[in-house]
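K.L.:
model the following, please.
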Amino acid sequence: MNIIIVGGGKIGLSLAETLAVHKQDVIIIEEDKEKCQEIADEFNGLVINGDATHIDVLEEAKIEKADFFVAVTSSEEVNLLSCLLAKEVCNAKTLARIINPAYEKVFKKVGIDIVMSPEVAMASRLETMIIEPDVVDIAMIHRGNIEMLEFTVSEKSKALGKSVKDLEKPKGAIIVAVKEGNEFTIPGVHTILEQGDEVIVIVKKNLENQVRKMFEE
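P.N.:
This is a model prediction of the structure:
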């Protein structure tokens, strides 16, 4: 799949790295020149410095070949405009991040396929929506089919010392956040789980016991 990500912040970069591990073709567009260089040093893929609301920048990113267009900058205006521009020139499915949940209906009304607020716009969740859209649906939480669990990595946890990528978790379980010290962060595929880390996992109810065994034994 060809995926364009607008925004090279924590969410955008983590998402790009996760998708790349799954052998997806990912291009990042970032307007800030210095941040663009930082991303290029970390991400083994194409990074374009430019404004994604300009058609020439999207053409440089080969927008006509895109299957998925993801805008996750901190600017709702950029996210909306770039997604609308993308929809004019290609058939890519669009995903836009919003800061104010009140804008969700507006974004959907103008044709954005998926609208995400910061509370659920975590890289691992977005990766699942793009690659495996049927694995976990956040809306299922409200129907009682999904649990959101929190664990602390102990010295006896099977997860101790393993990266998110190498963790033998069942399909249908997603690590959405890891608390290191006093704050939660969005885990990348190479994030190592250390003793004392608090981990938040979204999991299908029928897989809950399998996930508990990873952290509680």
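K.L.:
ok, then the element right after the biggest helix by length in the chain?
P.N.:
Longest helix of the chain, by residue count under DSSP state H: helix 76-89. Under the assignment DSSP states H and E, the closest C-terminal helix or strand after helix 76-89 is strand 93-97.
K.L.:
output the contacting helices and strands for that following strand.
P.N.:
strand 68-71, helix 76-89, strand 114-116, helix 123-131 (3 or more CB pairs under 8 Å, 6 or more residues apart in numbering; DSSP states H and E). Glycine gets a C-beta too; all of them are placed from N, C-alpha and C.
K.L.:
give me the mean pLDDT for it.
P.N.:
On average, the pLDDT along strand 93-97 is 92.
K.L.:
what's in contact with that strand?
P.N.:
Contact with strand 93-97 is made by 7, 11, 67-73, 76, 79-80, 83, 86-87, 107, 111-118, 121, 126, 129-130, as judged by CB atoms under 8 Å, 6 or more residues apart in numbering.
K.L.:
which strands or helices does the helix or strand hosting residue 34 pack on?
P.N.:
According to DSSP H and E, residue 34 maps onto helix 33-42. Contact analysis of helix 33-42 by 3+ CB pairs under 8 Å, 6+ apart lists helix 10-21, strand 25-30, strand 46-49 as its packing neighbours.
K.L.:
on that earlier part again, buried residues, the longest helix of the chain. List them.
P.N.:
For helix 76-89, a neighbour-count test (16 or more other CB atoms under 10 Å) marks 76, 78, 79, 80, 81, 82, 83, 84, 85, 86, 87 as buried.
K.L.:
now do it: which elements does it pack against?
P.N.:
strand 2-6, helix 55-60, strand 68-71, strand 93-97.
K.L.:
now mean pLDDT and distance to residue 25 too, for the helices and strands packed on strand 93-97, in JSON lines please.
P.N.:
Compiled in JSON lines, the helices and strands packed on strand 93-97 are given as follows (pLDDT from 0 to 100; distance: least, CB to CB, whole Å):
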{"stretch": "strand 68-71", "mean pLDDT": "95", "distance to residue 25": "10"}
{"stretch": "helix 76-89", "mean pLDDT": "92", "distance to residue 25": "16"}
{"stretch": "strand 114-116", "mean pLDDT": "86", "distance to residue 25": "20"}
{"stretch": "helix 123-131", "mean pLDDT": "53", "distance to residue 25": "12"}
